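Engineer: Sequence and computational prediction follow.
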Amino acid sequence: MPELDFGVEGVEAVPHCAAPTLAFKLRVTAAGPEDVRGVALDCQIRIEAARRRYGRAEQERLRELFGDPPRWAHTVRSLLWTHAHVNVPSFSGGALVDLPVPCTYDFDVVAAKYLAALEDGDVPLLLLFSGSVFYAAEDGVLRMARIPWSKETACALPVATWRRLMDTYFPNSAWLRVGRDVYDRLLAYRSRVAALGWDDTIERLLAATPPEDRPANPAGPAGAST
């Protein structure tokens, strides 16, 4: 069977998608005399959180995920981000394909909470591959083989790329998930006070909160939407 290897040559935002999506420019190469007729490729993407440094503001935002910074040597571990899939068409020698990776802006998802906490630099990633490769053997018969679990590659996602993607789909906004009963009460309050929108509704509620009851260092992006 052909020996496949993988590498990432860049990451770009995909324009005009129904949901925020990144395209990983994936280089697939094959060593061996066989012609590759196609690859059904699965990819697990992990965030190697321990492989980068964090500023003080980032540490504060990540406290909920990893605990107090002095304990991070024991609590910061690799995080599963997502799974992706792509069908690679037939090629000889090598091919460059886009591996689409949909992104969520739901801050209850650990990966989204982690990415939103970062200010700059790169996100160290590890891509683990599996799937099936279809190839023509020397006798001309089409054969199939499994891609070994040992196939992987590291790459870096610029934080600026992820932020530009989210700013395109959700400009100056963030998502806030609340219970249905809380939402019903907020909706009734919004109607009762004739608020102009959700921002206005929450601003009115915050203005009614005594200063001593407000958090000293509110975390997370401003402009939350429900």
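Structural biologist: Cool, got the structure. In this text, all values refer to a predicted model and were calculated from it rather than measured experimentally.

Engineer: CA-only coordinates of the top strand by length along the chain in PDB, if you can.
Structural biologist: In the chain, with assignment by DSSP state E, the single longest strand is strand 122-136. Extracted in PDB, the C-alpha atoms of strand 122-136 (Å, rounded to 0.1, in the frame of the first residue of the first chain):
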ATOM      1  CA  ASP A 122      -0.600  30.900  17.900                       C
ATOM      2  CA  VAL A 123      -2.700  27.900  19.100                       C
ATOM      3  CA  PRO A 124      -0.600  24.700  19.000                       C
ATOM      4  CA  LEU A 125      -2.600  21.900  17.400                       C
ATOM      5  CA  LEU A 126      -2.000  18.200  16.800                       C
ATOM      6  CA  LEU A 127      -3.900  16.500  13.900                       C
ATOM      7  CA  LEU A 128      -4.400  12.800  14.200                       C
ATOM      8  CA  PHE A 129      -5.400  10.900  11.000                       C
ATOM      9  CA  SER A 130      -7.300   7.700  10.300                       C
ATOM     10  CA  GLY A 131      -9.500   6.500   7.500                       C
ATOM     11  CA  SER A 132      -9.000   4.500   4.300                       C
ATOM     12  CA  VAL A 133      -6.800   4.800   1.200                       C
ATOM     13  CA  PHE A 134      -7.900   3.300  -2.100                       C
ATOM     14  CA  TYR A 135      -5.100   2.400  -4.600                       C
ATOM     15  CA  ALA A 136      -4.400   0.400  -7.700                       C
END
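
Engineer: Check which helices and strands that strand sits against.
Structural biologist: The contact analysis (3 or more CB pairs under 8 Å, 6 or more residues apart in numbering; DSSP states H and E) places strand 122-136 against strand 3-13, strand 35-47, strand 142-146, strand 152-158, helix 159-169. All C-beta atoms are positioned from the backbone trio N, CA, C, and that covers glycine.

Engineer: I'd like to know how far the residue in the chain sticking out farthest from the centre sits from residue 36.
Structural biologist: Computed with CA atoms, centre = their mean, the maximum C-alpha offset from the centroid of the chain is found at residue 139, amounting to 43.3 Å. Relative to residue 36, residue 139 is positioned 16 Å away (CB to CB, to the nearest Å).

Engineer: How about residue 98?
Structural biologist: Distance, residue 98 to residue 36, by CB to CB: 18 Å.

Engineer: what about the two, which has more around it?
Structural biologist: residue 36 (24 against 14; other CB atoms under 10 Å).

Engineer: Show me the residue at the heart of this protein, geometrically.
Structural biologist: Centre-nearest of the chain using CA atoms, centre = their mean is residue 103, 4.9 Å out.

Engineer: My guess is it contacts residue 165. True?
Structural biologist: Yes. The pair residue 103 and residue 165 passes the contact test of CB atoms under 8 Å, sitting 6.5 Å apart.

Engineer: Thank you, goodbye.
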